[in-house]
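S.K.: Dropping the sequence and predicted coords here.
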Amino acid sequence: DSSQVPAGSSDSDSSLTGTSDSDEGFYFPSYFICPFSCGSAASPTCPCEASACSCEDCDTLLFHHVDPGCLQVVDNYCDAYTTDQECPTWTSRTKSTQDVDAGGGVMNSNTPSLGGRAMQITFPSGALSGTTSLGASELYTS
């Protein structure tokens, strides 16, 4: 499809930089603008070059519009690149991501709070059919 650009490739309509050998085959639209200032040797992987963050119809990555796998990629990237000007937009938000398996689990670390009470989410055994990446974040207000 000529309206999509493989991650890591160069295109005059795309601001993607660097390469991503491990994530070949996923796409962003040609009009996608990466909000992060990723270098060609970014390690951990730049969120804009990670399959967990790929999207076929987005114009950029927004905090409240990515899945938990992408939030984990962003956290790893921002932990390593604290000077990236986009990182505070993501790291200042209260959020929790966790993989929970079919055996159950509890999300209670870095979860949002309401009235000073932190959220705790319990998943009983059998609630999920397999390991699932889950996320909880502060409410979106426009």
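M.R.: Yep, that arrived.
S.K.: which of the residues in stretch 67-87 are buried?
M.R.: Neighbour-count burial for stretch 67-87, with 16 or more other CB atoms under 10 Å as criterion, is recorded at 68-75, 77-78, 81, 84, 86-87. The C-beta positions use only the backbone N, C-alpha and C, and glycine is treated the same way.
S.K.: show me the contacts for the most centrally placed residue in the chain.
M.R.: What sits nearest the mean C-alpha location of the chain, by CA atoms, centre = their mean, is Cys70, with 1.9 Å. Cys70 makes contacts with Pro47, Ala50, Ala52, Cys53, Leu61, as judged by CB atoms under 8 Å, 6 or more residues apart in numbering.
S.K.: go again using 7 Å as the cut-off
M.R.: Shown in contact with Cys70 (CB atoms under 7 Å, 6 or more residues apart in numbering): Pro47, Ala52, Cys53.
S.K.: Of those - the most surrounded one?
M.R.: Highest neighbour count within the contacts of Cys70: Pro47, with 29 neighbours (other CB atoms under 10 Å).
S.K.: Assign a three-state SS to Leu134, would you?
M.R.: Recorded secondary structure, Leu134: strand (DSSP: H, G, I helix; E, B strand; the rest coil).
S.K.: ok so, going back, what's the closest of the contacts of Cys70 to Thr131?
M.R.: Checking these against Thr131 with CB to CB, the nearest one is Ala52 at 14.4 Å.
S.K.: That closest one reaches Gly69, doesn't it?
M.R.: Yes - using CB atoms under 7 Å, Ala52 is in contact with Gly69, at 3.7 Å.
S.K.: Quickly list what's touching both of those two.
M.R.: Both Ala52 and Gly69 lack any common contact, where contact means CB under 7 Å, 6+ apart.
S.K.: so what's Lys95 up against?
M.R.: Taking CB under 7 Å, 6+ apart, one finds Leu71, Asn110, Gly135, Ala136, Ser137 in contact with Lys95.
S.K.: Let's see that with 10 Å instead.
M.R.: 63, 68, 71-72, 74-75, 110-112, 135-138 (CB atoms under 10 Å, 6 or more residues apart in numbering).
S.K.: on that earlier part again, just the contacts of Cys70 now: which is nearest Val100?
M.R.: Ala52 (16.7 Å).
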